[in-house]
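> show me the folded form of this:
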Amino acid sequence: MGFFKKLFSKEKKEQLDSGLEKTKQGVWEKITRAVAGKSKVDDEVLDNLEEVFITSDMGVDTSLKIIERLEERVARDKYVGSSELNRILCEEITDMLARPDKEDGLGDFEIPDNKKPYVIMVVGVNGVGKTTTIGKLAHQYKAAGNKVILGAADTFRAAAIEQLDIWGERAGVPVVKQKMGSDPAAVAFDTLSSAKAHGADVVIIDTAGRLHNKAGLMNELSKVKKVMQKVVPDAPQEVLLVLDGSTGQNAYEQARQFVAATEVNALAVTKLDGTAKGGVVIGISDQLNIPVKYIGIGEKMEDLQIFHSDEFVKSLFGDAAK
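This next block holds a predicted model:
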């Protein structure tokens, strides 16, 4: 993990700590009450902790899994003091989180040379911060030295095209677009063709943010993927589902529906700075076994971070977890 420690700068850590402050306060206060007056972790503490995790939006199944891990740890170590609880929770939760494969020696927002153009197709319902996330992704990938192109394939709403245009200007990257009502697959085809012609490193394709239970969603996304593969055979390398972390367990339900509809292989959880429901990141990652790759922890362009599970959990549980 030494290499990744270097990647996670002091500035990033401070941004993460600040962005997760509301969730940290909520979880920490609940844990403090759960172990009040106890010198060691016993059955009563475990029962109280189970309620803490469930009410912190980690979900029932994930909460039970955490408790099982704690029970095994207590049995193995014979005596676990309440003062050690944060460190143990940090270790166990970090271990159970799904995470992206970062064993490629690359830094955050860097792309392997043999995967260029790297195509990200972004999905999610309206209102979760999808277009904002795309703009921030464009900025971060460009800041890492990549040439980035955006594709406005959400042709269902004129406002979506205009919004992506604005974010493209802010990030300083071109946007390929057509008029409202155009074929989304045609926009994706044009975007990838332009990317290949201009030697782009990263392509980010916006898609319509319709409700996740619409029957046509799967067909539309499948068509977009097939057309993109005529230009870049392995596109999209990343199907990114954007979720609003402030909605708690509703975000998990959205994720479940989208995963059933299309081949999602990465998640972005946004709006974590304004909520105490950041624990949903743990539940979603654990239950869906799809890595959370990006998290949004503020309004600034730099407040979209690559998700590092160990640093995320440490921010939740504070200095005692280190």
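> the closest residue to Thr191 other than its chain neighbours: neighbour count?
Among residues not flanking Thr191 along the chain, Gly151 sits closest, at 3.2 Å (Cβ to Cβ, 6 or more residues apart in numbering). Yep, even glycine has a C-beta here, placed from its N, CA and C like the rest. Other residues within reach of Gly151 by the criterion other Cβ atoms under 10 Å amount to 32.
> same thing with Val264?
Applying other Cβ under 10 Å, we find 20 residues neighbouring Val264.
> likewise for Ser182?
Residues lying near Ser182 (other Cβ under 10 Å) number 15.
> surely it meets Thr155?
Yes. Ser182 is within contact range of Thr155, at 4.7 Å (criterion: Cβ atoms under 8 Å).
> the stretch 151-300 of the chain: strands as residue ranges?
Ranges of strands within the stretch 151-300 of the chain are 175-176, 202-206, 238-244, 266-270, 292-296, based on DSSP state E, counting those that start in this stretch.
> the longest one: partners in the sheet, and parallel or antiparallel?
Strands that pair with strand 238-244, judged by DSSP bridges, come out as strand 118-123 (parallel), strand 266-270 (parallel).
> including mean neighbour count, mean pLDDT and distance to Leu243, could those go into CSV?
Output for the strands paired with strand 238-244, formatted as CSV (neighbours: other Cβ atoms under 10 Å; pLDDT from 0 to 100; distance: least, Cβ to Cβ, whole Å):
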stretch, mean neighbour count, mean pLDDT, distance to Leu243
strand 118-123, 25, 96, 10
strand 266-270, 25, 94, 5
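> in JSON lines: those strands, plus distance to Gly216.
As requested, those are arranged in JSON lines below (distance: least, Cβ to Cβ, whole Å):
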{"stretch": "strand 118-123", "distance to Gly216": "13"}
{"stretch": "strand 266-270", "distance to Gly216": "23"}
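> how near is Val74 to Ser193?
Distance from Val74 to Ser193, counting by Cβ to Cβ, to the nearest Å: 59 Å.
> if you count neighbours, what's buried in the longest helix anywhere in the chain?
If you go by DSSP state H, the chain has its longest helix at helix 60-77. Neighbour counts over helix 60-77 (16 or more other Cβ atoms under 10 Å) mark Thr62, Ser63, Lys65, Ile66, Ile67, Arg69, Leu70, Arg73, Val74 as buried.
> in whatever helix or strand comes next after that helix, which of the residues would be classed as buried?
Following helix 60-77 in sequence order, the next helix or strand is helix 85-96 (DSSP states H and E). Neighbour-count burial for helix 85-96, counted by 16+ other Cβ under 10 Å, picks out Leu85, Asn86, Ile88, Leu89, Cys90, Glu92, Ile93, Thr94.
> output helix 85-96 as CSV, restricted to C-alpha atoms.
Extracted C-alpha coordinates of helix 85-96, given in CSV (Å, rounded to 0.1, in the frame of the first residue of the first chain):
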residue,chain,number,x,y,z
LEU,A,85,-13.0,-0.6,18.5
ASN,A,86,-12.3,2.1,15.9
ARG,A,87,-9.1,0.6,14.8
ILE,A,88,-10.7,-2.8,14.4
LEU,A,89,-13.7,-1.5,12.6
CYS,A,90,-11.4,0.4,10.2
GLU,A,91,-9.5,-2.8,9.5
GLU,A,92,-12.5,-5.0,9.0
ILE,A,93,-14.6,-2.6,6.9
THR,A,94,-11.6,-1.7,4.7
ASP,A,95,-11.0,-5.4,4.1
MET,A,96,-14.5,-6.1,3.0
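> other SSEs contacting it?
The contact analysis (3 or more Cβ pairs under 8 Å, 6 or more residues apart in numbering; DSSP states H and E) places helix 85-96 against helix 60-77, helix 309-317.
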